[in-house]
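S.K.: I need the structure of the sequence given here:
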Amino acid sequence: MDSEVSDTDAHQPGHYSGFVGIVGRPNAGKSTLFNQLLGQKLSIITHKAQTTRHRIQGFYSDDQYQIVFLDTPGIIQPGYLLQEKMMEQVTRLRTDADLLLHLVDGRWIPEEDDVVFETLEALSLPSVLVVNKLDLAGKEKAQEVLSAYSRKNRYIEHVMISALDGSGVSDLLKTIKKYLPEGPAYFDKDQASDLPMRFFVSELIREQLFLLYQQEIPYSCAVNVVDFQEEDGKDYIQAEIVVNRNSQKGILIGKKGSKLKELGINSRQAISQFTGRKTDLRLFVKVRDKWREKESFLKSYGYK
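M.R.: From the prediction side, this is the model:
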């Protein structure tokens, strides 16, 4: 999935393109919406907050448009260096995006001190309010939430959707297209993302960590793909799972390796489904004390 920027300097008249950032609180449904807009799964999704750690680019392309969607971590007040790095990926949208989608949960009225409003003001970009989870909230409650957010921030448009079942997403796409400037296709039209396969493999393993383990374990783990080889239609992958403490290593491995074996089986299935190839996956667990708070470790795990 490695990409090259399109080498076409001039664009055809009537072609529109732009970069659209998806922002919001944890568990608003940003990654679900991102995948719906692209028509395929590029962002991992779990029921737990703060699953997304990296900013992920995905490309929507048709004959007349190319939209580079940017899925971002949920906006929070950071408590340690890793979370600061995650929020930096959001604030960089100020220079990297043309338009924002502010995704909110249609069941909940905004809090007075919601950190998202401070972030939106700092980003200073035109924003579309997207009220999500219409299927759970119902139209009346979603309208109440929409009105409450509209009183607290200036939006250029608002749309109500269910990212889960896709209702309203086509209307959202039409709304986005109205605000795109004329411009070239920045990436080849048949590409889905510019991120390497190693990245998606590490994310799929991390998704299984969130699904399989409880409490703080998934939040204490990083996944590092140390070797990736494709031979005769099969992927051979070695990956490290990094934890904060020795006690977490024991929980991760489980009695006689049972938990790590289950993690390997589930991850292998997810990777094969994504790549369409057979997968040979070897997982190893390493302890890196307080890795979430150390610049050198974070850089080596892709948090710049």
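
S.K.: got the domain ranges for this structure?
M.R.: By the record's domain assignment, the chain is partitioned as 16-178, 197-300 (automatic domain parsing).

S.K.: between those, which one is closest to residue 188.
M.R.: Closest to residue 188 of these is domain 16-178 (C-beta to C-beta; 8.4 Å). Placement of C-beta: from N, CA and C, glycine included.

S.K.: now do that closest one: distance from first to last residue.
M.R.: 9 Å (C-alpha to C-alpha, to the nearest Å).

S.K.: for residue 285, give its distance to residue 247.
M.R.: 12 Å (C-beta to C-beta, to the nearest Å).

S.K.: residues touching residue 80, list them.
M.R.: In this structure, residue 80 makes contact with 292-293, judged by C-beta atoms under 8 Å, 6 or more residues apart in numbering.

S.K.: just the one 4 residues further on next, same as before
M.R.: With contacts defined as C-beta under 8 Å, 6+ apart, the neighbours of residue 84 are residue 78.

S.K.: which positions within the host helix or strand of it qualify as buried?
M.R.: Secondary-structure element containing residue 84, defined by DSSP states H and E: helix 81-91. Counting neighbours by 16 or more other C-beta atoms under 10 Å, one finds that the buried residues in helix 81-91 are 81-83, 85-87, 89-90.

S.K.: can you redo these as CSV with distance to residue 136?
M.R.: Putting these into CSV (distance: C-beta to C-beta, whole Å) gives the following:
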residue, distance to residue 136
81, 35
82, 30
83, 27
85, 32
86, 26
87, 27
89, 28
90, 25
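
S.K.: so which of the residues you listed comes closest to residue 152?
M.R.: For the buried residues of helix 81-91, the nearest to residue 152 is residue 90 (18.5 Å; C-beta to C-beta).

S.K.: which residues touch the closest one?
M.R.: With contact set as C-beta under 8 Å, 6+ apart, residue 90 has these partners: 21, 23, 55, 72-73, 75, 119, 123.

S.K.: now residue 273: which helix or strand?
M.R.: Using DSSP H and E, residue 273 sits in helix 258-275.

S.K.: and that helix, what does it pack onto?
M.R.: With contacts taken as 3 or more C-beta pairs under 8 Å, 6 or more residues apart in numbering; DSSP states H and E, helix 258-275 sits against helix 197-212, strand 234-243, helix 246-253, strand 278-287.

S.K.: between residue 285 and residue 247, which one's more packed in?
M.R.: Looking at residue 285 and residue 247 with other C-beta atoms under 10 Å, you find the greater number of neighbours at residue 285, namely 16 against 10.

S.K.: any idea how far that one lies from residue 258?
M.R.: If you measure residue 285 against residue 258 using C-beta to C-beta, the figure is 14 Å.

S.K.: now swap in residue 141 and tell me
M.R.: Using C-beta to C-beta, we find residue 141 at a distance of 44 Å from residue 258.

S.K.: of the two, which one has the most company?
M.R.: Under the neighbour definition other C-beta under 10 Å, residue 141 and residue 258 were set side by side, and residue 141 has more, 17 against 10.

S.K.: for whichever strand or helix holds the more buried one, what is the average pLDDT?
M.R.: For residue 141, the enclosing helix or strand under DSSP H and E is helix 139-152. Per-residue pLDDT values over helix 139-152 give a mean of 96.

S.K.: now the domains of the chain as TSV including distance to residue 185?
M.R.: Rendered in TSV, the data for the domains of the chain read as follows (distance: least, C-beta to C-beta, whole Å):
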stretch	distance to residue 185
domain 16-178	4
domain 197-300	22
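
S.K.: tell me which of those approaches residue 190 most closely.
M.R.: Between residue 190 and the domains of the chain, the tightest spacing by C-beta to C-beta is seen for domain 16-178, at 7.8 Å.

S.K.: gap between that closest one and the chain center?
M.R.: Mean-position distance between domain 16-178 and its chain equals 10 Å (C-alpha atoms, centre = their mean, to the nearest Å).

S.K.: pLDDT score assigned to residue 8?
M.R.: Listed pLDDT for residue 8 reads 45.
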